[in-house]
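Colleague: no letters, just coordinates:
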C-alpha cells in the first residue's frame, strides 16, 4: 500500500484546497438565498409555461428557485462542474505526472506489477473523490438546512444530488485515467482530459438551450442527473447504469493499455 | 525578438485550436437562434393573456432576449467562459513554463534582462489573444448576419465582441499573477480550470440573485451585455475595476518575476 499512501500524501494539499473552495462556494451561494426567497414566488408560476430554451436563458432549467431545494439545484450544476474538473484532472494527472516529473523509471523498477501500481493509484483516486463528495455533502447539508422548513426531506434531496455527483465524478475520473494510460504523449494527457470535460459541458449547454436535442443527452454526463430530474423523479436508474458501464469500460481500457505502455523517459 | 518568436512558436498550435474552437462554438450557438426566436415569439402570445403587471415586468425582458443581440448576449457567456480559460491558461503556463520544464537556468543565463524576458512573453501572449479575437470577430459577425431576422446594432455587437478581448486580458493577467504567487506550480490546467469555473459560478450566483456588489468580484460580470446593448457603451466603473485588476496583477507579477529565486534542477 506504499504507492497508495504516497499518492494520498502528494495530493493532500490540493485536495484540501479544493475542499476549502467547495465549502466557500456552497456557503456564498446559499448565503444569497435569503435575499431570493421573497422575490422568487411570482416568477415561478410563469416559468412553468416558458419554452425550455427561454428557461435556460433565465438560468432556471425548470427549477423553482424560490424553494430552497430548487435554489440549491441551480447551484448544483456549478458544483457538478467543479467536481467534474477535479475528477478529470485527478484521473489524468495521477498517471501523467510520473512521466512529466521524470519519476516513471524510479516507480517502474520497483518490485510491483503495473496492475498493482494502477490499482493503488485507482484506490487513491477513489478515496479522494469520496472525500471531496463527503465534504461537499456536509457543507451542503450544513448550509442548506438553516433555510429549510422540513430538514429531513431536504437532507434526502441533497443526498440524492450527491449520489448523482459521485456517478459523474467516477465517469470523468476513469475516462481521465484511460486517456492518461493510453495516450502516446503523457504531456497531452491532462489537456485531453480537460478537453473531453469541456466539450461535454458545452454539449450539455447546447442541449439545454436548444430544448430539442434531448435524445443526445446520453453523450454528456452533465445531463445524466439534471437537478430538475433529481428533484422530480429521483436518480434515473438507466443513467446510473450507463455511468457505471462507462466508468468500467474506461477502467478496462486503462488497465489494458497501461500494462503495455511505452514510457517516455 | 528571439524570445517573442519562440513563445509564439510554442503556443501557435493551441492558439489555433482555441480560435477554431471559439469560432465553432459561436457558430453552433448562432445556428440555434432561428428556432429560439420562433419559440419566444409564441411564448409572447401566452404572455399577452397574462395580467398587466406581469407583462410589464417580463415583456420587455422577453423582447430583449428574443432579439439576435439578446440571444447573442446570453450565449456569449459561454464564449467568454472559453475565452477566459484560454487566457488564464496562457498567462499561467507561459510564465511558469521554464520552471516547470526545468529550463529556467538555460533562459536566465542568456544575456538578456529578466525584464526583457517578461516583456517578450507578455507581448506574445497579447499577440496570441488579439489574433484569436480577430478570427472570432470575423466568424461571429459573418454568422450573425447570416441568421439575423431583422437588422441589429452593429456597434453594440462589436462592443460585445471586444469585451471578449478585455475579459481575456483581465484573465491573462490573473493567470500571470497567480502562477507567480504559487512557487512550485507543476500542472497548470487544474489551477486554470478551477479558478475560472469558480469565478464563473460566482458570476452565475450574482446574476440570478441580482447582487450588485458581487459583480466586482468576478470579471465575468464586468461587461454586462444588457447594459452594452441598451447604452452602446461599457460601464465606466467596471472598466476602471478591470483596469485596476490588470494593473495590480501586472505590478505584482513584474516585481515577483524580477526578484524571485529560481529553483534549478
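Modeller: Cool, the structure landed. What you are looking at is a predicted structure, and each value in this text was computed from that prediction instead of being measured. Numbering: from 1, shown residues only, chains lettered A, B, ... in the order given.
Colleague: those helices in the stretch 101-250 of chain A, which residues are they?
Modeller: Ranges of helices within the stretch 101-250 of chain A are A:104-108, A:114-145, A:151-182, A:189-210, A:227-233, A:237-259, based on DSSP state H, counting those that start in this stretch.
Colleague: so which residues on the stretch 151-265 of chain A come close to chain B?
Modeller: Taking CB under 8 Å from any CB of the partner chain as the measure of proximity, the stretch 151-265 of chain A contacts chain B at A:190-191, A:194, A:197-198, A:202, A:205-206, A:209-212. Where C-beta positions appear, they are placed from N, C-alpha and C, glycine not excepted.
Colleague: narrow these to just the buried residues.
Modeller: Among these, those classed as buried by 16 or more other CB atoms under 10 Å in any protein chain shown are A:190-191, A:194, A:197-198, A:202, A:205-206, A:209-211.
Colleague: which one of these is nearest residue A:134?
Modeller: Lowest distance from residue A:134 to those (CB to CB) belongs to residue A:197, with 21.9 Å.
Colleague: and the gap between the closest one and residue A:251?
Modeller: Look at residue A:197 and residue A:251: by CB to CB, to the nearest Å, they are 18 Å apart.
Colleague: identify, from the residues of the stretch 151-265 of chain A next to chain B, the entry nearest to residue B:46.
Modeller: Nearest to residue B:46 out of these is residue A:211 (CB to CB; 15.6 Å).
Colleague: ok, that closest one touching residue B:39?
Modeller: Yes - with contact defined as CB atoms under 8 Å, residue A:211 reaches residue B:39; the gap is 7.4 Å.
Colleague: any weak-confidence spans in the stretch 101-250 of chain A?
Modeller: Applying pLDDT under 70 to the stretch 101-250 of chain A picks out no residues at all.
Colleague: which stretches of the stretch 1-150 of chain B form strands?
Modeller: Read by DSSP state E, counting those that start in this stretch, the stretch 1-150 of chain B holds no strands at all.
Colleague: what's the burial count for the closest residue in space to residue A:167 that isn't next to it in sequence?
Modeller: For residue A:167, ignoring the flanking residues on the chain, the nearest one in space by CB to CB, 6 or more residues apart in numbering or on different chains is residue A:243 at 4.0 Å. Residues lying near residue A:243 (other CB atoms under 10 Å in any protein chain shown) number 23.
Colleague: what do you get for residue B:114?
Modeller: 15.
Colleague: next one: residue B:76 from chain A, what distance?
Modeller: Distance, residue B:76 to chain A, using CB to the nearest CB, to the nearest Å: 12 Å.
Colleague: so what's that residue up against?
Modeller: B:160, B:164, B:225 (CB atoms under 8 Å, 6 or more residues apart in numbering or on different chains).
Colleague: how far does the helix or strand the second one falls within sit from its chain's centre?
Modeller: Under DSSP states H and E, the secondary-structure element containing residue B:164 is helix B:154-181. The gap between where helix B:154-181 is centred and where its chain is centred comes out at 4 Å by CA atoms, centre = their mean, to the nearest Å.
Colleague: packing partners of that helix?
Modeller: helix B:68-101, helix B:114-147, helix B:189-209, helix B:225-231, helix B:236-259 (3 or more CB pairs under 8 Å, 6 or more residues apart in numbering or on different chains; DSSP states H and E).
Colleague: return the set of buried residues in that helix.
Modeller: Buried, per 16+ other CB under 10 Å, within helix B:154-181: B:156-157, B:159-161, B:163-180.
Colleague: and the angle for it with helix B:189-209?
Modeller: 130 degrees (axes from the mean of the first three to the mean of the last three CA atoms, to 10 degrees).
Colleague: what helix or strand does the closest residue to residue A:128 other than its chain neighbours sit in?
Modeller: Take residue A:128 and drop its neighbours on the chain: the residue closest to it by CB to CB, 6+ apart is residue A:15, 5.5 Å away. Using DSSP H and E, residue A:15 falls within helix A:12-31.
Colleague: neighbours of the nearest residue to residue A:30 once chain neighbours are set aside, how many?
Modeller: Distances taken as CB to CB, 6+ apart place residue A:143 nearest to residue A:30, at 4.1 Å, with adjacent residues excluded. For residue A:143, the number of neighbouring residues by other CB under 10 Å comes to 19.
Colleague: could I get the contacting residues of residue A:143?
Modeller: So residue A:143 contacts A:26-27, A:30-31 (CB under 8 Å, 6+ apart).
Colleague: residues of the stretch 51-200 of chain B that sit close to chain A?
Modeller: B:54, B:58, B:62, B:65, B:71, B:74-75, B:78, B:82, B:85, B:186-187, B:189-190, B:193-194, B:197-198, B:200.
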